[in-house]
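[1] sequence plus predicted model, see below.
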Amino acid sequence: MTSPALSDIQTLGQLLANAQHRLEQAGIANAAQEARWLLAYALKMKHHELASRSEQLVTAEQLARVMSMVRRRESREPLQYILGSQEFCGLDFSVTPAVLIPRPETELLIQETVREGGFAEGAVLVDVGTGSGCVAVTLATILSGMRIFALDCSHDALSVARGNAERHGVSDKIIWREGDLLSPLRDCSVAGAVDAIISNPPYIAEADWAGLQPEVRDYEPRCALLAGLQGIEFHDRLIRDSKEFLVPGGLLIMELGLGQASLVRRVAEDAGGYTGLQTVKDEAGIERVFIARRACEAPNHG
Ligand code: GLN
């Protein structure tokens, strides 16, 4: 379809064609679909209404509303920040630029936590770097009778996460703490008593930063992404620091970036104190989840 100039736009169909054309020019892969999402959201319409009302005239106010969103997307702001939400494990999560947008890969972290699980009533689970709260909130909706701590160093991220917990009716199941990695747990009297530490930590290596998509590099929180020279700085720290908190047999489960499995496994072997090291591949065949169990203390023969 030819795209009318902005000044010639009169109908919904023309507006849609113009939006799609602009997004294509900006290098956005599924421009047609994204244009429909943006229009439907901006005009509070259902997708099928966009098709069936293509001859409907648009007002100047509607045109301005749609164009301000199209311009944001043209500058490669992620669609999810413009629409304010992202679906994860079948639940809708509010997202702002204070939080990483939940990724489909992270659903595997949830699946594997539940599969490994075997959590008794009253088990203590910790989600480190909760961000939008997608991990903690999803686990809270699936598992009952757990105490879930959700930690993040960002105050703004925690307020987004709390909002998501409220939205899904699990606020009373989650305890929120602000601070660096596991350090907030030091005031929670849970040393040696945590059943599972779960994390999707930052895992981008510094050298890979420049090559990221602009949506990620220019808009998502840097502190949720960057993780030192090899991208495993946080995995390394979690492996070392978790030993203080996990119960013997307790689970440490973390998401991994491409090619990080063997590095992380070596860190865990060198750190000692873990058994049952394994990785789980995602649908693309990438080793995506790392799993280890806190070793039981060696018997004391003294
Ligand atoms: N745990 C959150 C998520 O999985 C945030 C992860 C992060 O910010 N690195 O989306």
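    Cool, the structure landed. Numbering: from 1, shown residues only.
[2] count of neighbours near residue 296?
    Using other CB atoms under 10 Å, residue 296 has 10 other residues around it. C-betas here are computed from N, CA, C, even on glycine.
[3] for residue 85, same thing?
    By other CB under 10 Å, 19 other residues sit near residue 85.
[4] distance of it from residue 40?
    Going from residue 85 to residue 40 by CB to CB, to the nearest Å gives 13 Å.
[5] cool, residue 238 as well?
    40 Å.
[6] may I have the secondary structure class of the residue of the stretch 51-200 of the chain found nearest the ligand?
    The ligand sits closest to residue 131 of the stretch 51-200 of the chain, with a gap of 2.6 Å, by CB to the nearest ligand atom. Classification of residue 131 by DSSP: H, G, I helix; E, B strand; the rest coil places it in coil.
[7] what are the phi and psi values at it?
    When read as degrees, to the nearest 10, the backbone of residue 131 gives phi 60, psi -120.
[8] that one contacts residue 99, doesn't it?
    Yes - with contacts counted by CB atoms under 8 Å, residue 131 reaches residue 99, the gap being 4.5 Å.
[9] what do these two both touch?
    Common neighbours of residue 131 and residue 99 (criterion: CB atoms under 8 Å, 6 or more residues apart in numbering): 157, 160-161, 224.
[10] redo these as CSV? Include pLDDT, distance to residue 73 and secondary structure.
    As requested, those are exported to CSV (pLDDT from 0 to 100; distance: CB to CB, whole Å; DSSP: H, G, I helix; E, B strand; the rest coil):
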residue, pLDDT, distance to residue 73, secondary structure
157, 98, 23, helix
160, 98, 21, helix
161, 98, 25, helix
224, 92, 21, helix
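[11] nearest residue to the closest residue to the ligand within the stretch 151-300 of the chain other than its sequence neighbours?
    Closest contact between the stretch 151-300 of the chain and the ligand, by CB to the nearest ligand atom, is at residue 224 (3.0 Å). In space, and not counting its chain neighbours, residue 224 is closest to residue 100: 4.1 Å by CB to CB, 6 or more residues apart in numbering.
[12] near the ligand, which residues of the chain?
    Within the chain, the positions near the ligand by CB under 6 Å from any ligand atom are 100, 102, 106, 129-132, 134-135, 200-202, 224.
[13] which SS class is residue 176?
    What three-state DSSP gives for residue 176 is strand.
[14] contact partners for it?
    Residues in contact with residue 176 (CB under 8 Å, 6+ apart) are 130, 149-151, 158, 161-162.
[15] which strand residues bridge it?
    Bridge pairing for residue 176 (DSSP bridges) gives the partners residue 150.
[16] strands of the stretch 151-300 of the chain, residue ranges please.
    Counting by DSSP state E, counting those that start in this stretch, the stretch 151-300 of the chain has strands at residues 174-178, 194-199, 246-255, 274-281, 287-294.
[17] do you know which of those strands lies nearest residue 70?
    Among the strands of the stretch 151-300 of the chain, strand 246-255 comes nearest to residue 70, with 32.9 Å by CB to CB.
[18] buried residues, the closest one. List them.
    For strand 246-255, a neighbour-count test (16 or more other CB atoms under 10 Å) marks 246-247, 250-255 as buried.
[19] now do stretch 84-91
    85-86, 88-89.
[20] contacts for it, please.
    Contacts of stretch 84-91 (CB under 8 Å, 6+ apart): 80, 92-96, 101-102, 106-107, 110, 132, 134, 137-138, 141, 168.
[21] next one: it to chain centre, how far?
    10 Å (CA atoms, centre = their mean, to the nearest Å).
[22] thank you kindly, that will do.
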